[in-house]
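Colleague: Here is my input, please return the structure:
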Amino acid sequence: MNTTTNGTGRPAVRDVIILSLIIGLLFGIMLGNRPLSVPDEGRYVEIPREMAASGDYITPRLNGVKYFEKPPLFYWFESFSIKLFGMHEFTLRLWPALFALAGCLMVFRAGLQLYGRTAGVFAAGVLATSVLYYSLSQTIILDMPVSVFLTASLLSFILGTRENPGLKRRLFMAGFFACAALATLTKGLIGILIPGMVVGAWIVLLNEWRILRTMYLFSGIALFLAIAAPWHMLAQKANPEFYQFYFIHEHFQRYLTKVHGRYKPAWYFIPILLLGFFPWSAFLFQAVKDSLPSWRDRHQHKETIFLMLWAGLVFLFFSASSSKLIPYILPVFPPLAILLGRYLAKGWDERSLRGIGLVYIALALLAIACAIGLIILPNYRPELDLQELRPHRLVIIFILTTGGLVLWQMQKRFGLRGGLISLIVISSLFLLAVSSTMPRIDTRSIKTLAKELKPLLRPGDEVVSYKTYYQDLPAYLEQRITVVDWTGELEFGTTVEDTSSWMIDDSTFWKRWHGPGAIYMMTDRKTYDTLRSNPELSFSVIASNSRNVLVSNRKAIP
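Modeller: Next up is the predicted model:
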């Protein structure tokens with residue numbers, strides 16, 4: 001491959017087109033193969049559905065209840081899809097996949113500009129085929145779009161520093177502030193905190209204070225506020241309680257306290273990073289070590305230091321938080337992919353990397369070990385019903401075993417280049433195989449019961465979620481539901497406006513159950529078995545699955 005750093009010629013355009021087609025196919029082929037996952041996908045579809053239905057794009061609502069946990073930008077994107085295409089899993093997941101593709105193209109462009117074409121191509125391939133990045137490209141949550149906006153912001157800054165003062169540099173710096181604002185509108189204050197933290201640390205470490213003069217701070221801050229501030233002000237104007245809950249409870253208390261019940265130890269993200277960046281985490285130590293310059297030479301490696309600060313500080317920032325979830329670590333992946341692309345490109349050109357044979361052997365053995373684990377799993381977990389999974393399990397076992405052997409042989413016969421190409425192909429096939437299996441692994445969706453219920457509903461009928469809240473049920477029914485004896489994440493919203501007609505207690509529900517109106521109740525099997533044992537209660541079973549039961553208070557269902 002040509003390692004030219006010229007990103008303006010035809011090879012770069014050709015590479016972008018080829019990468020877009022290949023990675024787009026990888027991300028897009030499985031988007032519609034499973035129901036909405038719960039709770040996250042159900043939640044992040046229902047909020048934009050309600051926006052599209054009501055026309056209120058200022059106040060987010062979940063099941064009709066004010067929901068201020070996150071800003072609205074991603075909801076707006078999803079609302080647009082709903083207006084355009086309706087409620088289909090493929091089109092609903094299209095935005096995360098498009099954002100993920102954009103992230104891969106960004107690291108390609110940055111790798112090309114900083115380290116050459118080969119590094120850029122590998123950076124994009126590494127990012128696309130890492131386990132967590134691929135998984136979140138298929139999932140309707142906020143972490144992929146916020147990660148991509150942060151990536152765009154930070155790459156705009158570091159690429160802008162390579163330009164002479166003038167229009168081009170000004171545009172890069174405008175991109176830095178604008179994308180930070182978009183990240184802020186996607187997931188809150190981390191949108192400005194993370195770019196500010198990384199850039200600030202880089203300036204201090206390299207003593208680059210003079211760069212503040214050519215960051216166009218005043219116009220940049222004005223641009224940031226012009227994008228990020230209006231919604232916050234409009235939301236406060238429409239909801240006087242907004243600022244206190246959004247800034248204090250959802251930002252400072254979430255980070256500093258255990259109020260959200262998501263505490264994990266400080267080392268939590270170490271295994272998450274190693275597993276989430278797999279299989280490329282096998283090369284991570286060597287890549288970081290190879291990229292680390294001496295203190296004396298740090299000014300000759302400004303961009304590499306920036307990438308390392310980006311990955312390291314974001315990792316430490318979220319590790320220090322009292323609230324941790326697996327997707328939080330995603331913004332670490334793009335800089336690591338670029339650093340790994342640099343390292344692999346170096347080996348590609350030299351046709352060798354120290355110790356690379358051992359890495360390939362370890363990956364091959366690990367793949368075979370995982371295949372053996374899947375083969376013997378029924379012997380150790382006989383309670384699992386693996387019959388339906390059998391074809392998918394066999395495909396995954398085949399990919400792991402043959403992939404491990406192919407990787408071993410390709411490296412042995414064709415050296416580092418053969419090993420890297422085969423690793424990208426095998427990783428892609430493995431990810432697609434696992435993705436095809438997910439509908440049979442994640443059985444929490446209420447979709448099948450919702451499909452049974454929707455044709456039965458008539459105007460005035462009431463749908464009830466009893467003692468729990470099914471996040472995907474309002475989305476699939478495309479209507480608000482009644483919730484009995486549960487508030488959960490909706491608790492704050494129930495305290496700031498009257499929701500008593502559909503967020504009800506147990507006694508109110510049973511009065512309605514015995515009233516004249518038709519009611520359809522969804523609950524879990526354990527709760528239903530308890531209720532059924534009461535001789536004073538009668539139910540007409542409409543449908544059920546392995547987890548839940550749908551019943552009605554009417555014997556004859558219209």
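Colleague: Off-centre distance for the one helix or strand Val13 maps to?
Modeller: If you go by DSSP states H and E, Val13 is part of helix 10-28. Computed by CA atoms, centre = their mean, to the nearest Å, the chain-centroid distance of helix 10-28 equals 21 Å.
Colleague: what sits up against it?
Modeller: 2, 4, 6, 94, 97, 100-101, 104-105, 108-109, 112, 117, 120-121, 124, 128-129, 134, 137-138, 428, 431-432 (CB atoms under 8 Å, 6 or more residues apart in numbering). Quick note: C-beta positions are derived from backbone N, CA and C, even for glycine.
Colleague: Any of those buried? List them.
Modeller: 94, 97, 100-101, 104-105, 108-109, 112, 117, 120-121, 124, 128-129, 134, 137-138, 428, 431-432 (16 or more other CB atoms under 10 Å).
Colleague: What about these, which are in helices?
Modeller: 94, 97, 100-101, 104-105, 108-109, 112, 117, 120-121, 124, 128-129, 134, 137, 428, 431-432 (DSSP state H).
Colleague: Show me what counts as buried in stretch 437-450.
Modeller: Buried residues in stretch 437-450 (16+ other CB under 10 Å): Thr437, Met438, Pro439, Arg444, Ser445, Ile446, Lys447, Thr448, Leu449, Ala450.
Colleague: Need the CA coordinates for that stretch. PDB is fine.
Modeller: Extracted in PDB, the C-alpha atoms of stretch 437-450 (Å, rounded to 0.1, in the frame of the first residue of the first chain):
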ATOM      1  CA  THR A 437     -27.700 -15.300  17.100                       C
ATOM      2  CA  MET A 438     -28.800 -12.400  19.300                       C
ATOM      3  CA  PRO A 439     -32.600 -12.700  18.700                       C
ATOM      4  CA  ARG A 440     -32.400 -16.200  20.200                       C
ATOM      5  CA  ILE A 441     -30.200 -15.100  23.100                       C
ATOM      6  CA  ASP A 442     -32.000 -11.900  24.200                       C
ATOM      7  CA  THR A 443     -35.600 -13.000  24.800                       C
ATOM      8  CA  ARG A 444     -36.700 -10.100  27.000                       C
ATOM      9  CA  SER A 445     -38.500  -8.200  24.200                       C
ATOM     10  CA  ILE A 446     -42.200  -7.900  24.400                       C
ATOM     11  CA  LYS A 447     -42.600  -7.600  20.600                       C
ATOM     12  CA  THR A 448     -44.400 -10.900  20.000                       C
ATOM     13  CA  LEU A 449     -47.100 -10.100  22.700                       C
ATOM     14  CA  ALA A 450     -47.400  -6.600  21.400                       C
END
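Colleague: Now do it: everything it contacts.
Modeller: So stretch 437-450 is contacted by 33-38, 388-389, 392-393, 396, 470, 472-473, 476-477, 522, 543-548, 550 (CB under 8 Å, 6+ apart).
Colleague: likewise stretch 483-496?
Modeller: 61-63, 65-69, 239, 241, 245, 249, 464-469, 499, 502-506, 509.
Colleague: same deal with stretch 144-152?
Modeller: Applying CB under 8 Å, 6+ apart, the contact partners of stretch 144-152 are 73-74, 77, 95-96, 99-100, 102-103, 106-107, 136-137, 175, 179-180, 182-183, 186-187, 190-191, 194-195, 330-331, 333-334.
Colleague: where does this protein dip in pLDDT?
Modeller: 1-10, 254-262, 352, 355, 357-358, 376-390, 392, 556-558 (pLDDT under 70).
Colleague: how does it look with 50?
Modeller: 1-8, 383, 558 (pLDDT under 50).
Colleague: Pop the domain breakdown of it in here.
Modeller: Annotated domains of the chain cover 10-31+93-350, 365-441, 447-552 [automatic domain parsing].
Colleague: which one of those lies closest to Ile82?
Modeller: Counting by CB to CB, Ile82 lies closest to domain 447-552 out of the domains of the chain; the figure is 9.6 Å.
Colleague: Distance from that closest one to the middle of the chain?
Modeller: The answer for domain 447-552 is 30 Å, by CA atoms, centre = their mean.
Colleague: Out of the buried residues of stretch 437-450, which is nearest to Ile158?
Modeller: For these, the nearest to Ile158 is Met438 (36.4 Å; CB to CB).
Colleague: what's the angle from the helix or strand where that closest one lies to helix 10-28?
Modeller: Using DSSP H and E, Met438 falls within helix 390-441. With axes from the mean of the first three to the mean of the last three CA atoms, to 10 degrees defining the directions, helix 390-441 sits at 80 degrees from helix 10-28.
Colleague: continuing past helix 390-441, what's the next helix or strand?
Modeller: As assigned by DSSP H and E, the chain's next helix or strand after helix 390-441 is helix 447-453.
Colleague: What is the helix or strand following that next one packed up against?
Modeller: Once helix 447-453 ends, the next helix or strand along the chain (criterion: DSSP H and E) is strand 462-466. The contact analysis (3 or more CB pairs under 8 Å, 6 or more residues apart in numbering; DSSP states H and E) places strand 462-466 against helix 473-477, strand 482-484, helix 506-513, strand 519-524.
Colleague: End to end on stretch 471-482, go ahead and measure it.
Modeller: 12 Å (CA to CA, to the nearest Å).
Colleague: Distance of Leu112 relative to Gln300?
Modeller: Leu112 sits 20 Å away from Gln300, taking CB to CB, to the nearest Å as the criterion.
Colleague: Then Ile203?
Modeller: 17 Å.
Colleague: can you map out the helices along the stretch 201-350 of the chain?
Modeller: Using DSSP state H, counting those that start in this stretch, the helices of the stretch 201-350 of the chain run over residues 217-238, 242-243, 254-256, 269-276, 284-291, 302-320, 333-350.
Colleague: Give me the contacts around the fourth one.
Modeller: Put plainly, it is helix 269-276. 130-133, 281, 284, 315, 318-319, 324, 326, 328-329, 332-333.
Colleague: Show me what counts as buried in that helix.
Modeller: Residues of helix 269-276 classed as buried by neighbour count (16+ other CB under 10 Å): Phe269, Ile272, Leu273, Gly276.
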